[in-house]
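J.: Need the 3D shape of this:
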Amino acid sequence: MNGSMEHLIGNNYNMNNHLINSFIEASFFRFISSISIRSNYIIELSIKKKFLFMIIKYLKLDSTLNFHGLLDIWVVDYPQEINRFQVNYLMVSYIIPARIRLIAYTSEINQIPSITSLFKSANWLEREAYDFFGVFFSEHPDLRRILTDYGFEGYPMRKDFPLTGYFEVRYDDESKKVIHEPLRLSQEFRYFDFLTPWEND
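T.: Below is the predicted model of the structure:
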């Protein structure tokens, strides 16, 4: 690694420390479960979901922080947990520059605040999270499926969703249209135990 790259990364790391101090000094420490700097110099905040909108609004509008960019929203499913869905927000400040990842947790029946009023790009990202995982975003202007087909049942990216799904879609040449019908497997679905593939006699 050359000296200029080391200097750039070093400045980024110091700036992240400055951001953390500024954030805590702004009294948001009461709403944060944990805070850290990852090995890739991304600030990581675990926050309570009821304060999510307030914190993201602060990060965007604060004249020092300037986190004006929303890069992504993604979900991780932990079905063994009560709040099984980890909702992640990746924001960027082009002024500093720095990136920050916010983490909030929600369940199948509870909602998480929508941030579409702060970032228009969140509209499709939240719809994708709803379509694939069934995460409900309160006050979303148009929370409906975006990638799965019409009439799709279930949420395909949940870890308890069957790999084969429930229905198949095909074009019927006789009726000249696309039809939905229950999935028919050509052979019995089998589970394989990869830890013990053979039984001992």
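J.: Where do the helices of the chain begin and end?
T.: Counting by DSSP state H, one finds helices in the chain at the ranges 3-25, 52-61, 122-133.
J.: For these, which has the smallest mean pLDDT value?
T.: Per-segment confidence across those bottoms out at helix 3-25, which has a mean of 53 in mean pLDDT.
J.: Can you give me the neighbour number for F152?
T.: A count of neighbours around F152, defined by other Cβ atoms under 10 Å, yields 16. For the C-beta atoms, the positions are set from N, CA and C on the backbone; glycine is no exception.
J.: That one and R145 touch, don't they?
T.: Yes - F152 sits in contact with R145 when judged by Cβ atoms under 8 Å, with a separation of 6.6 Å.
J.: ok, and the closest non-adjacent residue to the most centrally placed residue in the chain?
T.: With distances taken as Cα atoms, centre = their mean, the chain has W74 as the residue nearest its mean C-alpha position (1.8 Å). In space, and not counting its chain neighbours, W74 is closest to N88: 5.2 Å by Cβ to Cβ, 6 or more residues apart in numbering.
J.: swap in I42?
T.: Nearest residue to I42 in three dimensions, chain neighbours excluded: R99, at 4.8 Å (Cβ to Cβ, 6+ apart).
J.: and the gap between that neighbour and G69?
T.: Per Cβ to Cβ, to the nearest Å, R99 is found 9 Å from G69.
J.: Between these two, which is the more surrounded one?
T.: Using other Cβ under 10 Å, the more surrounded residue of R99 and G69 is R99, with 20 against 15.
J.: Show me the shaky parts of the chain.
T.: Where the chain drops to pLDDT under 70, the residues are 1-27, 39-40, 164, 166, 183-201.
J.: where along it do the strands fall?
T.: Defined through DSSP state E, the strands belonging to the chain, from first to last, are 32-37, 43-47, 69-77, 85-93, 98-106, 111-113, 136-138, 167-172, 177-182.
J.: okay, the angle between the last one and strand 167-172?
T.: Orientation note: strand 177-182 sits at an angle of 150 degrees relative to strand 167-172 (axes from the mean of the first three to the mean of the last three Cα atoms, to 10 degrees).
J.: mind checking how far strand 177-182 is from the chain centre?
T.: Here strand 177-182 is found 31 Å from its chain centre; the criterion is Cα atoms, centre = their mean, to the nearest Å.
J.: what's that strand in contact with?
T.: Strand 177-182 is contacted from outside by D149, G151, Y166, F167, E168, V169, R170, Y171, D172, using Cβ atoms under 8 Å, 6 or more residues apart in numbering.
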